[in-house]
Every structure is written in structure tokens, then in C-alpha cells.
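Enquirer: When you get a sec, could you give me coordinates for this:
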Amino acid sequence: MTSGTIDLPKVGHVLRYVYLFANEQKAGRDEGVKERFVVVIAIDGKRYSVAAITTKGEGRANALPLPAPVATAGGVAPNSSVVTDEINIFSWPGFDIRPLMKGKGFVAGRFPPAFTNSLQSAILSAPHERVDRD
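Expert: Numbers count the residues shown, from 1 in each chain. Model prediction:
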């Protein structure tokens, strides 16, 4: 799938989404503060697990920097990172998916398969918080 398509996203695809961080949820929020890019980490039927992509690191020790070619392939800013200690889970399409600002569809880009596999392993094999958005 290429960016700008409206097919169902797959693991490794980058989407725009209103991500709710676990600390925001614990503080009583039920909506994220802003739209951001996320990467699809896992799909189970219509349930999607996504990890936040950040340009500021959000002050987190557990953020994996994206190599420049990976960021470019994903359609995200250079020097971005993926938060690896939490995920949001929702039923597709959910209320928090946002269409692309330019073009049609939801997919902004795609991380290379090898990077996606290592990212999946890093997130799913380590302790992480799960924020259910349904």
C-alpha cells in the first residue's frame, strides 16, 4: 500500500491519530492532547495496536530514535522517535483516526519490514502500558 490510499492499514503503516498517553489517562483525560503520527504495531481482527511517534521524545527514556531513511519512508519528520513503553488499542476505524492533511486516505507512509519487525519485538516483548480506547 502506498501513502494516500484508503485500504485498511497494515502493521508498519504510519497513521495520523489522537494518541492518549497513559499518564494523560491516569490524570483523568479521555482524549489525547493532539494529533500525532502513530505506527501500527499489531492487528487482531479489527483491533489495532499503535505506538506514538514523537519529535520531542516527550521526556521519555523509552523512545526509539528513527534512522533518517526509516523516518522518510514513514512520512515523518527527521529526528522522530517511537515511544516503546506504551500502546493505544482501538477497534478500526475508531474515533481518533484522522485523514491525511494532504491527499486522501489514512496512511502517511510505511516503515521498512525489518525495522517494523524489530520495533514490534521491542514493544511487545517488554513491559508496556496498554491504553484501551474503545
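
Enquirer: CA atoms for contacts and neighbours, from now on please.
Expert: Will do.

Enquirer: residues of the top strand by length along the chain that come out buried?
Expert: Using DSSP state E, we find that the single longest strand of the chain is strand 35-44. Buried positions in strand 35-44, judged by neighbour count with 16 or more other C-alpha atoms under 10 Å: 36-43.

Enquirer: pLDDT weak spots in this protein?
Expert: 1-6, 57-59 (pLDDT under 70).

Enquirer: Which residue lies nearest the spatial centre of it?
Expert: residue 38 (1.9 Å; C-alpha atoms, centre = their mean).

Enquirer: What residues are bridge-paired with that one?
Expert: Taking DSSP bridges as the rule, residue 38 bridges to residue 15, residue 52.

Enquirer: Looks like it contacts residue 16 (just checking).
Expert: Yes. Using C-alpha atoms under 8 Å, residue 38 is in contact with residue 16, at 6.3 Å.

Enquirer: Report the distance from stretch 66-86 to the chain centre.
Expert: A distance of 10 Å separates the centroid of the chain from that of stretch 66-86, by C-alpha atoms, centre = their mean, to the nearest Å.

Enquirer: Buried ones in it, by neighbour count?
Expert: Buried-residue list, stretch 66-86, by 16+ other C-alpha under 10 Å: 66, 70-71, 73-76, 80-86.

Enquirer: Let's have those in TSV, adding secondary structure.
Expert: As requested, those are exported to TSV (DSSP: H, G, I helix; E, B strand; the rest coil):
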residue	secondary structure
66	coil
70	helix
71	helix
73	helix
74	helix
75	coil
76	coil
80	coil
81	strand
82	strand
83	strand
84	coil
85	coil
86	strand
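
Enquirer: Just want the phi and psi numbers for residue 123.
Expert: Residue 123 adopts backbone torsions of phi -80, psi -50, taken as degrees, to the nearest 10.

Enquirer: Tell me the spacing between it and residue 42.
Expert: 10 Å (C-alpha to C-alpha, to the nearest Å).
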